[in-house]
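K.L.:
the sequence isn't on hand, but the structure is:
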Ligand SMILES: [Zn+2]
């Protein structure tokens, strides 16, 4: 069978270019210009898949983005894509596709038996049937439902394709390249504005690709070609076809997906960008997104071969395909008659036009009569027959107002049913841009109301359903947009003579009754084909108490899925309005959200993959760490050495060795990532006095002090040491992760609260590399590197710094300590970091100097009970909670956070307070984050007493240690506390958080 | 994504900025003089305006300046931005609508 349903001539396909493709394993031939859907229809293939819940046979309904049914698995292997609409796949040589949601195959599907259990799969079936017990969900429901209602399969290999992003600023962006959009682009382009015109289809022209129209001296194809040629010649006009504006965000920011190679055979895609996301900021946006046709809701309206009338017209005129040879048309409007006339002209046979309106008249009706087509006015289709393809329809005379039709039934044989319930403007982007919709009774559709953004609407979207109005409206919108962005539009071109039938007559008909009440018997009135939602489901949802359209949507799944209800939403809410007996505008619409059509993760990621997914910050010593086998930890965007395992060592072995080296000899740490902020100005000391909880005015030049910062609520948010470099200059250090936030914080107070303070702040984190040497032998190492520096206790005491030369490099050396050992932090210009590090390693070799990472640093500081902000604190922790009252000034009249310390909540005695924990069994290492209770094995829910914030095995102490926040912990020293864990309960004693060298004797080496 | 007019740099994408909450809430001169309720008022209570709203932004990935913006919280229309210490621009009569 080769293209038995292809017309002999016509269409925008290239009949000289045959294309071979495969569907469900069978080879077929189509033509260049086809979509997969049109090529399958040309070959008489209507059965494309099975429906979501009931596994009913389904075929092609539409011809574009609104298609609810014909989703296929496209391609194979790493580039396969699930659930792509056959109506949006341009045919290319070697294309392979297969049905989704079928098992074992589309012709014979075991799960069609679901249809027999349809009674339990009504609205809300997910919520009701599969609630409890949870074990049943894991074992039974989820695997069964997954296979039965799985749709397509995601690729399991890495996506080999290339994607990218582009940013564009234009004065006027136009969405939709139909007659209105093209005219808008012409007006704005001629005015001189920078213009972007995007259209989702393979070529511009919109509705003119489907309808035959004479425009002045040109036919539709000639008119489109002339328009595109003029626009292409304008240097400031960008035309993007195969490009879908999928998101409309604030302040005219739109995202567009351009499909650059998806229409090409595999061999021609190699090395090219597959898809590109355009990020556009436009001065004015013209929406000319057109309209989608609505189905009619009648009994068994889902069989393959039941299609939208306008789509039938598209297949006939654009693709040269007869979707069927004997067509019945079911309509409530005049426009659909044109599909019948065009099909008949192309060689098909229209067996009947069933029109629900009792009186029909007009130009198109007369034209159909002239072709001897039987017109059954005041009739409706009340049922359909056929297995994998519609074979006949049941037609009855409409009994106005009746819920059940008892009129005589007539069977009409056909292989195609075209249906039309009228047209819905594509308001998705308008609605995304926060514009409100208004219901138009006469046109029976929602139209854009007042826009919220700098925006114009034109064409069918604006309710301009004639070509004449589209051309005029489009030009005006483009000219208005250009004017609003500062350009002067050229004179409007004279309106061409247009040969166009009157399409305007329509009478809404939202639900077609049958011989039995809706919901009774086997017949189904489908509203949402993709989600298998029926009119009966909506009625049931209302009976069960759901009335809001947003609730109905979620309960019945109407409008979910890859088509987002493009053909179903308006029908669903009109039916709901009927059930509730409320006018449609009172029912309202659901929210339209991006994306308009699905966007692949590859496109969203663009080039931001792998190493490029997030910026990586490394220190100037990083390469040494890599060369010496460090494992790394991410701290913010920084890579910090975590620990340095030697051959054969476990992680704990390495940590034990590193910690013991610091306690008994000397260790070295790359501390370059600590945030550093240079603070200058005559009021710098006063500023620090207000920012930190302790006093800074009297800190001597050359001295260093530790400080805590709180927010106004009194909660700790950063800590670090700050050195006074000069009378008017300080160097502040912050936590690695908090550096940017602290700088923002300082700027906030300087610029908004205390602009009278003369202070400037600058980040110098990446100006200084920091090498910290710690341990009893630290002084001996430094002495070798800085022989001229006086390291004596009197001249270089704890909490002071010196400037001098270390290893031949100008350096600042700070005597501070995060380990409790004698420590020198040597700061040198960033680029000298590695030179200094290697000099330290060489000088330290005789003392077996040991590089250590963040994990050993954490253990060493925990042994000393030093906090880490973000680990011992969580934004609800005060200095007092941490037992750090000593750092909170009692003398300063004010500083940030002070007032909050006396609030009733922060002064409570039973706040969570920092304590140490020693487990009864020294080898038990509590998990960090473990919840703690005072009474073990009490009934659930157990009253919580606190949680473990830090927990390690300490080689120094030969046992585990932990820090914890415990309710009223400061008064509970010596008491037992319990950690109920999976399978066991660990008992620990509450102790002072300083586990090692309580007197601080080791600080001086 | 908002297009925010930094008074120092011009219009830039929202991703360059950090939000700073409601504007014109001065830190009390002497917090010690406030009772708990007054202090809580300063600390926690904001107006949650539906309509034109004065708010602070920081151009953190730009000039690092804090400034004020009048934004409509429903439409996101930005009436204007102004430096710290300057007077806010005049508000339009009606909220939102096309510009
Ligand atoms: Zn700026």
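P.N.:
Nice, thanks for sending it over. This one's a predicted model, so the numbers in the text were calculated from it and none came from an experiment. Residues are numbered from 1 along each chain as shown, chains lettered A, B, ... in the order given.
K.L.:
name the strands paired with the stretch of helix or strand residue A:419 belongs to and say parallel or antiparallel.
P.N.:
For residue A:419, the element it lies in under DSSP states H and E is strand A:416-420. According to DSSP bridges, strand A:416-420 forms sheet pairs with strand A:306-308 (parallel), strand A:326-331 (parallel).
K.L.:
list the contacts of that strand.
P.N.:
In this structure, residues lying in contact with strand A:416-420 by CB atoms under 8 Å, 6 or more residues apart in numbering or on different chains are A:293-296, A:298, A:301, A:305-310, A:312, A:323-333, A:335-336, A:339-340, A:343, A:348, A:381, A:384, A:390, A:393. For glycine as for every other residue, the C-beta is placed from the backbone atoms N, C-alpha and C.
K.L.:
can you give me the distance of residue A:186 to residue A:237?
P.N.:
9 Å (CB to CB, to the nearest Å).
K.L.:
I'd say residue A:579 and residue A:539 touch.
P.N.:
Yes - the pair residue A:579 and residue A:539 qualifies as a contact (CB atoms under 8 Å) at a distance of 5.8 Å.
K.L.:
of these two, who's got more company?
P.N.:
residue A:539 (20 against 17; other CB atoms under 10 Å in any protein chain shown).
K.L.:
give me phi/psi at the more buried one?
P.N.:
As for residue A:539, its main-chain torsions (degrees, to the nearest 10) stand at phi -60, psi -40.
K.L.:
next SSE after the strand holding residue A:419?
P.N.:
strand A:423-425.
K.L.:
residues touching that next one, excluding its own?
P.N.:
Strand A:423-425 has contacts (CB under 8 Å, 6+ apart) with A:289-294, A:310, A:335, A:445-448, A:460-463, A:465, A:569-570.
K.L.:
residue A:258 belongs to a strand?
P.N.:
Yes - counting by DSSP: H, G, I helix; E, B strand; the rest coil, residue A:258 is found in a strand.
K.L.:
how about it, what does it touch?
P.N.:
A:198, A:240, A:242-243, A:275-278.
K.L.:
beta-bridge partners for it, please?
P.N.:
Applying DSSP bridges to residue A:258 yields these beta-bridge partners: residue A:243, residue A:276.
K.L.:
that one and the ion, how far apart?
P.N.:
With distances taken as CB to the ion, to the nearest Å, residue A:258 is found 32 Å from the ion.
K.L.:
again, but for residue A:476
P.N.:
Taken as CB to the ion, the span from residue A:476 to the ion is 38 Å.
K.L.:
same check, this time on residue A:298
P.N.:
Plainly put, residue A:298 is 61 Å away from the ion if you go by CB to the ion.
K.L.:
now swap in residue A:51 and tell me
P.N.:
Residue A:51 sits 55 Å away from the ion, taking CB to the ion as the criterion.
K.L.:
that residue touches residue A:534, doesn't it?
P.N.:
No - assessed by CB under 8 Å, residue A:51 is found out of contact with residue A:534, at 11.1 Å.
K.L.:
just the strands paired with strand A:416-420: most buried one?
P.N.:
Of all the strands paired with strand A:416-420, strand A:306-308 carries the top mean neighbour count, a mean of 29, counting by mean count of other CB atoms under 10 Å in any protein chain shown.
K.L.:
and after it, which helix or strand comes next?
P.N.:
Counting by DSSP H and E, the next helix or strand C-terminal to strand A:306-308 is helix A:309-319.
K.L.:
residue contacts, the nearest residue to residue A:371 once chain neighbours are set aside?
P.N.:
Ranked by CB to CB, 6 or more residues apart in numbering or on different chains and with sequence neighbours excluded, the top spatial neighbour of residue A:371 is residue A:344, at 5.5 Å. Going by CB under 8 Å, 6+ apart, residue A:344 touches A:350, A:371, A:373.
K.L.:
just put the residues you listed in a markdown table and tack on distance to residue A:160, secondary structure and pLDDT.
P.N.:
Below are these laid out as a markdown table (distance: CB to CB, whole Å; DSSP: H, G, I helix; E, B strand; the rest coil; pLDDT from 0 to 100):
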| residue | distance to residue A:160 | secondary structure | pLDDT |
| --- | --- | --- | --- |
| A:350 | 48 | strand | 98 |
| A:371 | 53 | coil | 96 |
| A:373 | 53 | coil | 97 |
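K.L.:
nearest to residue A:809 among those?
P.N.:
residue A:350 (90.9 Å; CB to CB).
K.L.:
can I assume that closest one is in contact with residue A:325?
P.N.:
No - the pair residue A:350 / residue A:325 is not scored as a contact, 10.2 Å apart, by CB under 8 Å.
K.L.:
ok, these two, which is more surrounded?
P.N.:
Using other CB under 10 Å as the criterion, residue A:350 and residue A:325 rank with residue A:350 on top: 26 against 16.
K.L.:
relative to chain B, how far out is residue A:720?
P.N.:
Residue A:720 is 20 Å from chain B, where distance means CB to the nearest CB, to the nearest Å.
K.L.:
quick one: that residue and residue A:704 touch, right?
P.N.:
No - using CB under 8 Å, residue A:720 is not in contact with residue A:704, being 10.3 Å away.
K.L.:
can you give me the helices for chain B?
P.N.:
Applying DSSP state H to chain B gives helices spanning B:36-44.
K.L.:
same check, this time on the stretch 601-750 of chain A
P.N.:
Using DSSP state H, counting those that start in this stretch, the helices found in the stretch 601-750 of chain A span residues A:601-605, A:622-627, A:651-664, A:684-691, A:739-748.
K.L.:
so of the contacts of strand A:423-425, which ones are in strands?
P.N.:
A:291-293, A:445-448 (DSSP state E).
K.L.:
count of neighbours near residue 88?
P.N.:
Looking at chain A here, since you left the chain open. When neighbours are counted by other CB under 10 Å, residue A:88 registers 22.
K.L.:
wait, chain B
P.N.:
With other CB under 10 Å as criterion, residue B:88 counts 16.
K.L.:
cool, and residue A:338?
P.N.:
Applying other CB under 10 Å, I find that residue A:338 has 23 neighbouring residues.
K.L.:
can I assume it is in contact with residue A:207?
P.N.:
No - Residue A:338 lies out of contact with residue A:207 (CB under 8 Å); the separation is 11.2 Å.
K.L.:
ok but residue A:943 is inside a strand, no?
P.N.:
No - using three-state DSSP, the assignment for residue A:943 is coil, not a strand.
K.L.:
excluding its backbone neighbours, what's nearest it?
P.N.:
residue A:933 is the one closest to residue A:943 (CB to CB, 6+ apart), at 6.7 Å.
K.L.:
run through the bridge partners of that neighbour.
P.N.:
residue A:978.
K.L.:
which ones are touching it?
P.N.:
A:942-945, A:977-980.
K.L.:
now for those residues, which pair is the farthest apart?
P.N.:
Of all pairs drawn from those, the greatest distance, 14.2 Å, lies between A:943 and A:979 (CB to CB).
K.L.:
the more surrounded of these two?
P.N.:
Neighbours were counted for residue A:943 and for residue A:979 using other CB under 10 Å; residue A:979 has more, 25 against 9.
K.L.:
ok, now which ones touch the more buried one?
P.N.:
The neighbours of residue A:979, taking CB under 8 Å, 6+ apart as the test, are A:926-927, A:930-933, A:948, A:985-986, A:988.
K.L.:
what about residue A:25, how many neighbours?
P.N.:
8.
K.L.:
now do residue B:21
P.N.:
9.
K.L.:
ok, the nearest residue to residue A:490 once chain neighbours are set aside - contacts?
P.N.:
Nearest non-adjacent residue to residue A:490, counting by CB to CB, 6+ apart: residue A:190, 4.5 Å away. By CB under 8 Å, 6+ apart, the residues touching residue A:190 are A:234, A:489-490.
K.L.:
residue A:190 should be in a helix, yeah?
P.N.:
Yes - counting by three-state DSSP, residue A:190 is part of a helix.
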